[in-house]
Each structure stands twice: as structure tokens, then as C-alpha cells.
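Colleague: Everything below, folded, please.
(chains A and B)
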Amino acid sequence: MKDLTLALATGRTAKQAIALLEKAGIVFPDYHNKSRKLVMVDKTKKIQLILVKTADLSTYVEKGAADVGVIGKDVVMEAQPDVYELADLHIGKCKVAVAGFPETALEKNSPVTVATKYPLITKSFFDEKGMAVETIKLNGSIELAPLIGLSDVIVDIVETGTTLKENGLEVLEEIMDISARLIVNKASFATKTEDIEQFIGKLTEALEVEI
Amino acid sequence: MYTDYNANDKKVKDYEKYERMIKTINKRFKTYGYERIKTPTFEPYDLYAEVKSSINRKEMIKVIDCEGDVLVLRPDVTIPITKQLADDYMTLPHELKYYYVQDVFRQSQVDDENVESTQAGIEYFCENSPEAEAEVIALACHTLKDLGFQNITIEIGHAGFVQSLIEKANFTDRTLTQLKKLIQSKNIVELEPFLRTLKIEESLIQSFTKIPMLYGDPVQVSERAREITQTEKMDETLDYLLEVYEILALYGLEQLVVMDLGLINHMDYYSDMIFQGFVEDFGRPVLMGGRYNRLANEFGAELPAIGFACTVESLLEASKAELPIRRTPVDVSIQYDQQNLQTSIAFTNELRERNYTVISSKLEEQLTNPRQVIYQVELTENKYKFFYKDKSHTFDSFKQLLKLISEIKGGI
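Modeller: Predicted coordinates:
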């Protein structure tokens, strides 16, 4: 039995998270870009790493299959898992924004159709503005929706804006800044307090060096 | 004639495990002086609508009776017990200790978990006292230990602690929900910026931002908590919790207890100390409880109480230690031919009267019950035969049969 199980989402954040972990002295020798291994342990054999799909990560942590996880704020906002959110890791930075054709006006009173991966974030954002919207939940290639007339605008993650530009879209309004968060299962925090505090301590130290 | 034990019915085994768990819980609750009661399965919907923000109304299963009244399937036990008691008493006549083991029905909107689950819990109607609080927590620990859990952690908090801070500011419902959410998720990263957007005193901001991390060893945590107390009541709360902790130490439970002042229970009826229990490698709390002195006020009575409940299904899921579950073998199996049906029934009855478990079947029947059997009896036309292990005897009356059985029993 390993002391802690850490879940990372496959993809870009994983790479940055691994780099941060390395700075904190937590090294996973088996990890490299092309590896298809899903479970591995660190050098000290104290921490087990599992690689899961982004959308599933909060479930793993909420149910206690993983004690801690690194996940984008966007996913936390959308999935609303019952977990502790203990640190901002300042990696995987991007924005969630409303995007559409340049001339699109987000007028009040006109029902706007929004295509998004994030129906919850979308709803609370437009609720706050007092606008009625119809959301269409999509799982990928959100940019396509306004191009073929499926929706007026989209709500999606924007990193560099290249994909938007190439498709003739632009950011109309920013909703919020996103970065990766460290989430912790509540029961793990109760039963493995010391291990988790040590782990977080190492990470925040590494973060401070970076800043 | 030995039949494989392990290839036995999973349904029966699962139920046996469930039943055994309930038996253990029952026994332990009783040793602390609790008596079992039950409440109706159908409750008027209004009962739950009356009690402010207790159970999410959307989670309740509603039914309409023939009069057209809306009923709900019991979603909670604490509320109906308190209501029943409030109908009889305006104030507490004396201490009351009740426990219950019964099903509750809730349909969660996100999870596809079972709508029906078995809740086991206690309600201790008594005035606030560190002794009573500690005894309830001790019972919770004792029960978990009985069930074979090793690594138990009990988090103790107080509903009044954060509340005292909240009362110092004028929050809108919306802000309050958001604030509680940030505290519950110990989200220190966003808590401070969020508080800064509100127009509240600097000292309050400082207090709120420290709340989530007031977690850990009760003595140390309460020391740190002293720095952020804003009212006398908050200091008293800390004193009180420490007293409870000191008594828990007398129970030898100080290792299991941590203080979490950021603990907020989603059940709003809790008024004072609250707590929840965790066991190793299980992602959710296995039990929750606290003091709910004001609940009876909703029904026009003054009945202070403390209690906790656990969900048996969660405990089953959490108990990975395989309890040696074996099906109890059948004592006697009687096989008979057509002519001996009457004798078989007579023997069976007599044995059952004497509390033996008996199954009987026709000799030529192919589908015999695969359960393990201790004694075999064969009743054929002219011979009664008795088998035990690899020995066999003949006999000719029920008396002799009893004698054979008791001889073996005596020999064991």
C-alpha cells in the first residue's frame, strides 16, 4: 500500500505537473511523454501516480480512489465535486471566455444560443448578467458550432486564441481565469493528514521558488 | 454427501453480512442505554416543508394518497422522532435515549446511488454537557471498532463557531452560500479575494480566511483559533470543545479525534457541536452527527438533543476486511419415500419444535438443496436410516433419533 495516490489528467497539464513535482523532489522515473503506462510510483515508492481522463479526475478524488489530484479550475467549477481545494498550482493557465463572430452583440433580452463544454459555468455567468440563454452541451470542437449556425456564441477555454482566430472567431467577453488546482479527498485528509500536509508543503515550496 | 460451502448463494451471504452488521450495531447501542423505536414510512410532505432548509425537497420521494394529500417516503429519522416527541412534551421530562435502524429514501439528482438505504442512529435527548457529547462520540467510535475498522478519525467542529462570525456581517443568502462553499472546500486560494469583494471589516476577513485551516490536533487548533475569536461566545465554544476532548481522552480516544472548525454540515438543524467519522480507504464520511437543540422549536417544544447516524450500506462498502461469512448449515435433512410422507412431517415438526433447522425432500428428487447438512435421515419403506459423517445407524422411532443426535452432540 502506497502512502498517497495522486491523480493527474492525461495531456498538457500532466507534463507541467510532473515538472513541478520534480522541482518539489517527487520524481516518477517511469513517466515520459510517449509512455502508455497508467499507474506508476515515485522514486521513494511513497506516492502512486495514476493518469486519468480530465473529465473523470474529480470523480476519482471525490470517491477516494485517489487521495489528491491536479485539475483545472474549469473542471472543478463544472463538476462541483465534494472535495477540498487546497492550493493553486499556477500551471495550466488559461481563460474561460465567451467567443463568437466579431460583430456578435451580447444584447440583453435576445435569447442567445451558447455551445459549450461547460453548461454550469455558462448558466451562472449569464444568470448573473440577467440574460436568458439556451445552452447546447458539446464535448469537443466547440468552435465549429457558430460556424455552421448551431449556436450564436460559444463558452470555452481560450489559451492563445489561435484556434479562434483561424476560424474567424474572437473573444467577446472573458468569464474567468483558470489554473490548475490541487484537490484532496475529504476522508483522505482526515485519515492521512500528515502525508497530505507534507505533500502540499513540498509543492508550495517548489511554487515559491518559481515565483 | 459433502456439498461445497463456498459455491453458495451470494444473495444469502450478502444479507447475512448486512444482518450481522446491524446486530453488532444494535448490541452496541443497547449497551449505552439506548432503546429502539421506529417511525412511520410515510410522512406528510408538510412536515419536511415546515422545517427550514433541512433536506433538499427535490431529493424526497413523494406519493399522493387517496385523499390527494402529498406524502413523502421517510427521508430522515431525526426530524420525525423530534416531531413525535414534541407532540407529547413541551420540555424534556427527563433524559431520553432512542436508537433506530430503518430505511430512508432519498433520490440524489446527480448520483445514481440507491434511493433506499438503511440508516442506523441514536438520538440522545438531554441538555448540553461535555459528558453527554463525549459519550455520544465514544459510542460512535466504539461502534466503528466493533465493526472491525482500525484507522478511525472523528472530526469535531461546532456549528456556532463560523455562525458567530457570519452574524457579525450582513451577508445576502447568495453570498452566504458562496462563502460556506469556499469554507467547506477549504479553498483558501479564493476565499480571501472573495471576501475582499464584500464590504466587511478587515478583522473579519482575517478571521474567515483562517477558518478552513483550523484543522488538526484539538489543543493546537484551539490555541490558533483564539487569535481569530471575535466574540466571547466563540471563546466559550472553544472551551467547550476542549472539555469534550478532555473527556474523550478519558475514554482513551484522543488519538482518533481531530478538530475541524471549518466543518459545516449541510443539515441546517445542527446548533452546536457537530462531528463526522472517517475510516481508512473510504472516500466519504461513514457517520455524521451533532447537537440539534433548536429543531424541536420548529414544532413548538424545547427539546435539546444530540445524535448521529450511519448508513449501513456505506459501512458494508467500507469494511474491506472480509468478515468470515459462512452460511449456517442445516441441522437435519430428511429424505423420504411416498409411504413415509406422514412420518417425515411428524419428525420434521418435532425437530423444529426443538429448534433444529430441518429441510425435507422426496428421495427421488433430483434438485436437492446444496446447503451443508449435519445429520442426514432417510425414511424408506421398511427402514429408517441415520447418517452422520461416514457413519450410519438404523432406528425405528423418533425417540431413538433424538437419542442418536444427542449422543453425537455429547461426543463433540
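
Colleague: roughly how far apart are residue B:10 and residue B:357?
Modeller: 20 Å (Cβ to Cβ, to the nearest Å). For glycine as for every other residue, the C-beta is placed from the backbone atoms N, C-alpha and C.

Colleague: So between these two, which is more surrounded?
Modeller: residue B:357 (15 against 8; other Cβ atoms under 10 Å in any protein chain shown).

Colleague: you'd agree that one is up against residue B:333?
Modeller: No - the criterion here is Cβ atoms under 8 Å, and residue B:357 misses it with residue B:333 at 9.6 Å.

Colleague: Spit out the contact partners of the closest residue to residue B:73 other than its chain neighbours.
Modeller: Nearest-residue entry for residue B:73: residue B:105, 3.8 Å, with adjacent residues in sequence omitted and distances by Cβ to Cβ, 6 or more residues apart in numbering or on different chains. Neighbour list for residue B:105: B:60-61, B:72-75, B:115-116 [criterion: Cβ atoms under 8 Å, 6 or more residues apart in numbering or on different chains].

Colleague: between those, which is closest to residue A:29?
Modeller: residue B:115 (47.0 Å; Cβ to Cβ).

Colleague: in a strand, that's where residue B:119 is, yeah?
Modeller: Yes - under DSSP: H, G, I helix; E, B strand; the rest coil, residue B:119 falls within a strand.

Colleague: Can you tell me the element residue B:409 falls in?
Modeller: For residue B:409, the enclosing helix or strand under DSSP states H and E is helix B:398-411.

Colleague: and that helix, what does it pack onto?
Modeller: Packed against helix B:398-411 by the contact rule (3 or more Cβ pairs under 8 Å, 6 or more residues apart in numbering or on different chains; DSSP states H and E) you find helix B:341-353, strand B:373-380, strand B:383-388, strand B:391-395.

Colleague: Show me the one of the ones you listed that comes nearest chain A.
Modeller: Chain A lies closest to strand B:373-380 among the helices and strands packed on helix B:398-411, at 40.8 Å (Cβ to the nearest Cβ).

Colleague: pLDDT (mean, whole number) over the closest one?
Modeller: If you average the pLDDT over strand B:373-380, you get 88.

Colleague: Over to stretch A:122-130?
Modeller: Mean predicted lDDT for stretch A:122-130 stands at 88.

Colleague: How about stretch B:154-163?
Modeller: So the average pLDDT for stretch B:154-163 ends up being 93.

Colleague: got the contact list for that stretch?
Modeller: So stretch B:154-163 is contacted by A:190, B:137, B:140-141, B:180, B:183, B:211, B:218, B:225, B:233-234, B:237-238, B:240-241, B:244-245, B:253, B:256-265, B:270-278, B:290 (Cβ under 8 Å, 6+ apart).

Colleague: Stretch A:55-65 too?
Modeller: A:5, A:7-9, A:50, A:52, A:66-69, A:71, A:75-76, A:79, A:81-83, A:183-185, A:187-188, B:281-284.

Colleague: Apply 6 Å and report the result again.
Modeller: Stretch A:55-65 is contacted from outside by A:7, A:9, A:52, A:66, A:69, A:71, A:79, A:81-83, A:183, A:185, A:187, B:283, using Cβ atoms under 6 Å, 6 or more residues apart in numbering or on different chains.

Colleague: Same question for stretch A:170-184.
Modeller: Contacts of stretch A:170-184 (Cβ under 6 Å, 6+ apart): A:13, A:61, A:68-74, A:76, A:83-100, A:102, A:125, A:158, A:164.
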